[in-house]
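K.L.:
The following comprises the amino acid sequence and a computationally predicted model.
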Amino acid sequence: MGEAPTGPDHGPVLRYGDGQRALQDRFDTRRLADRLAETATDDVTGYRSFIESLDTFFLATVDEHGQPQCSHKAGDPGVVRVIDGHTLAFPSYDGNGMFLSLGNLAANPAVGMLFIDFEGGTRLRVNGIASVDLDDPLTAEFPCAQAVVRGRVTAAFPNCRRYVHPRRRVERSPFVPTGQDDPPVPDWKLIPWFDGHLAADDPALDPQRPSAPATPEF
């Protein structure tokens, strides 16, 4: 087998642990797994157009106790930017106020990102080390962003598309900020059960802000 791709520390960018190796040996896929590991790289330059064409991705983080979280993140196409070959950045928009993903990064910077083109089926996994900056200059380039997350890529590799069910976007979410008009308030924040629990500057408390369209509460 050829040399595995190397990262900044000149080591393999995708390493297998004992658990993966045991299963690979059980199902006789070690050779295949080693071959696929050769596709991994810490340089996403070649994936720039794919990443920046998407309007959604999935983000995995882990807290200081090993408790995982997986979040769906979205915006307009280009919500994730390729800053350079080894760096990705994306905005953090107003959410439910729990800050599960961003809070996890304060304790454990390891992230996993999954990009899927649901129309074409292409999938890309990206692992990295991320940090949150409330004063990142990029924040101003994403309307209504509260912060920007930057991640240093440690491994990026494509995935088989065979189990991706074809889907297409039928319309843009009205909640994604445009920078032109204030996005509507999500209707779940208008439920009386949350009275007295919203942040003092939450748009839901501003009677001048547009109310949400008829959508599920969560």
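P.N.:
On my side now, so go ahead. Numbers count the residues shown, from 1 in each chain.

K.L.:
pLDDT at the most centrally placed residue in the chain, what is it?
P.N.:
Taking C-alpha atoms, centre = their mean, the centroid of the chain lies closest to residue 59, which sits 3.7 Å from it. At residue 59, the pLDDT value in this model is 99.

K.L.:
Whichever strand or helix holds it - contacts with which helices or strands?
P.N.:
Element membership for residue 59, per DSSP states H and E: strand 56-62. For strand 56-62, the contact count by 3 or more C-beta pairs under 8 Å, 6 or more residues apart in numbering; DSSP states H and E identifies strand 68-74, helix 100-107, strand 110-116 as packing neighbours. Every residue, glycine included, has its C-beta placed from N, CA and C.

K.L.:
how close does the closest residue in space to residue 104 that isn't next to it in sequence get to residue 136?
P.N.:
Spatially, and ignoring its direct neighbours in sequence, residue 104 is nearest to residue 61 (3.8 Å; C-beta to C-beta, 6 or more residues apart in numbering). Counting by C-beta to C-beta, to the nearest Å, the gap from residue 61 to residue 136 is 18 Å.

K.L.:
Settle it for me: which of those two has more neighbours?
P.N.:
Set side by side, residue 61 and residue 136 give different neighbour counts by other C-beta atoms under 10 Å, the larger being at residue 61 (22 against 18).

K.L.:
what's across from that one in the sheet?
P.N.:
Using DSSP bridges, the beta-bridge partners of residue 61 come out as residue 69.

K.L.:
and the nearest residue in space to residue 106 that is not next to it in sequence, helix, strand or coil?
P.N.:
Spatial nearest neighbour of residue 106, chain neighbours left out: residue 132 (6.9 Å); criterion: C-beta to C-beta, 6+ apart. Assigned state for residue 132: strand (three-state reduction, DSSP: H, G, I helix; E, B strand; the rest coil).

K.L.:
And the strands in the protein, which stretches?
P.N.:
When assigned using DSSP state E, the strands of the chain occupy the ranges 56-62, 68-74, 81-84, 87-92, 110-116, 123-133, 147-159.

K.L.:
how does the chain divide into domains?
P.N.:
Per automatic domain parsing, the structural domains of the chain span 1-40, 45-159.

K.L.:
export those to JSON lines and tack on distance to residue 201?
P.N.:
Below are the domains of the chain laid out as JSON lines (distance: least, C-beta to C-beta, whole Å):
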{"stretch": "domain 1-40", "distance to residue 201": "41"}
{"stretch": "domain 45-159", "distance to residue 201": "10"}
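
K.L.:
Can you tell me which of those is most buried?
P.N.:
The highest average neighbour count among the domains of the chain, using mean count of other C-beta atoms under 10 Å, belongs to domain 45-159 at a mean of 17.

K.L.:
gap between the two ends of that domain?
P.N.:
Length of domain 45-159, first residue to last, C-alpha to C-alpha, to the nearest Å: 17 Å.

K.L.:
what do you get for stretch 61-69?
P.N.:
With C-alpha to C-alpha as the measure, what separates the two termini of stretch 61-69 is 5 Å.

K.L.:
repeat for stretch 81-97
P.N.:
The first residue of stretch 81-97 is 24 Å away from its last residue (C-alpha to C-alpha).

K.L.:
Nearest spatial neighbour of the residue nearest to the centre of the chain, chain-adjacent residues omitted?
P.N.:
Here the nearest residue to residue 59 in space, its sequence neighbours aside, is residue 71; by C-beta to C-beta, 6+ apart that works out to 4.8 Å.
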